[in-house]
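Participant: Quick check, what structure comes out for this input:
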Amino acid sequence: MSAAGQAGEHAFVVVAYGRSPFLEGCLATLAAQTVRSRVVIATSTPSPDIAAAAERFGAELRVNPRAEGIGADWNFGLAATPARYVTLAHQDDTYRPAFLERTLDLFARWPQGGVCFTGYDEVDDDGAVTSSKISRVKHLIEAAALGAGETFRGGRLKPFLAFGNPLPCSSVTFDRVRLAEFRFSLDHQSNLDWDAWWRLADGGETFLRSRERLVGRRHNPLTATSALIASGRRRQEDLEMFRRIWPRPAADLIAWLYRAGY
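Facilitator: Alright, predicted model coming up:
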């Protein structure tokens, strides 16, 4: 089946929090996809701003009545639509027009895939491409660990995931039929996506990948990531993940080097 034929089985679910100056920009890039799809906004912090953005872009609005943390919000988002393929879009990020077309094409060609991800760039508040030390290192790790491949599973993924979280959740689309039992951890705030990728790789799931950088990932003092760095929660969870992957002396050294890129 072509990407256009699969579009009816897909939904973007934008996980929205509070008042983001970038939400409407994110929705505009979803509306500009070369293959059109359903758009849902899922939130546990409903507000007139979020409701107005949903109305302006014709998005469905789903309100989680229980504010129980980011993991619960992401799980609510995955279940907020009956669509088979779900991309958890982040309100601060942007999507290039070919994102969905490339993603659905990969699922069509590799039906064993449980998740599909694309490359990303960091972008500034105006949406212009920028970079940081940590993003440059992550791109190098991706190139070295994955090469030009499109499908990966198990041990092939672990070198990619072993030196930090190189895979932002906003670039990932889930096949909810193949991953019917999957849930994000409720014990993490910063690294629930990194924990998820590691568990899925451990479980032998097949990851599909487009090398094209089709997501613009925004990082500034307003994002949740910045708040988690400031609170020290990210440092704590990074150390926990590195110690899960590496012997403790190596884990502590890698974690110390990783913090230098924040």
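Participant: Please enumerate the helices of the stretch 101-250 of the chain.
Facilitator: For the stretch 101-250 of the chain, applying DSSP state H, counting those that start in this stretch gives helices covering 133-146, 158-161, 192-202, 224-231, 233-245, 248-259.
Participant: Give me the average confidence score over the longest one.
Facilitator: Model confidence over helix 133-146 averages 87 on the pLDDT scale.
Participant: Over to the second one?
Facilitator: Helix 158-161 carries an average pLDDT of 92.
Participant: Mind telling me what element residue 72 is part of?
Facilitator: Assessed by DSSP states H and E, residue 72 sits inside helix 70-78.
Participant: Could you do residue 89 as well?
Facilitator: Assigned by DSSP H and E, residue 89 falls within strand 85-90.
Participant: What strands flank that strand, and is each parallel or antiparallel?
Facilitator: Strands that pair with strand 85-90, judged by DSSP bridges, come out as strand 10-16 (parallel), strand 172-175 (antiparallel).
Participant: what's the pLDDT at the residue lying closest to residue 154 once chain neighbours are set aside?
Facilitator: Spatial nearest neighbour of residue 154, excluding adjacent residues (Cβ to Cβ, 6 or more residues apart in numbering): residue 204 at 5.3 Å. Placement of C-beta: from N, CA and C, glycine included. We have a pLDDT of 93 for residue 204.
Participant: Please name every helix or strand in contact with the next helix or strand after the strand holding residue 89.
Facilitator: For strand 85-90, the succeeding helix or strand toward the C-terminus, using DSSP H and E, is strand 94-95. With contacts taken as 3 or more Cβ pairs under 8 Å, 6 or more residues apart in numbering; DSSP states H and E, strand 94-95 sits against helix 23-31, strand 206-218.
Participant: Can I get the ones you listed in a markdown table including mean neighbour count and distance to residue 188?
Facilitator: Shown next, in a markdown table, are the helices and strands packed on strand 94-95 (neighbours: other Cβ atoms under 10 Å; distance: least, Cβ to Cβ, whole Å):
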| stretch | mean neighbour count | distance to residue 188 |
| --- | --- | --- |
| helix 23-31 | 20 | 23 |
| strand 206-218 | 21 | 19 |
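Participant: how about TSV for those, with distance to residue 120 added?
Facilitator: Shown next, in TSV, are the helices and strands packed on strand 94-95 (distance: least, Cβ to Cβ, whole Å):
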stretch	distance to residue 120
helix 23-31	13
strand 206-218	4
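Participant: With residue 7 as the reference, name the closest of those.
Facilitator: Ranking the helices and strands packed on strand 94-95 by proximity to residue 7 (Cβ to Cβ) places helix 23-31 first, at 12.2 Å.
Participant: what angle separates the helix or strand following the closest one from strand 10-16?
Facilitator: With elements assigned by DSSP H and E, the helix or strand that comes after helix 23-31 is strand 38-43. Strand 38-43 runs at 20 degrees relative to strand 10-16, counting by axes from the mean of the first three to the mean of the last three Cα atoms, to 10 degrees.
Participant: tell me what the following helix or strand past strand 38-43 is packed against?
Facilitator: Using DSSP H and E, the next helix or strand after strand 38-43 towards the C-terminus is helix 48-57. Applying 3+ Cβ pairs under 8 Å, 6+ apart, we find helix 48-57 packed against helix 23-31, strand 38-43, strand 60-63.
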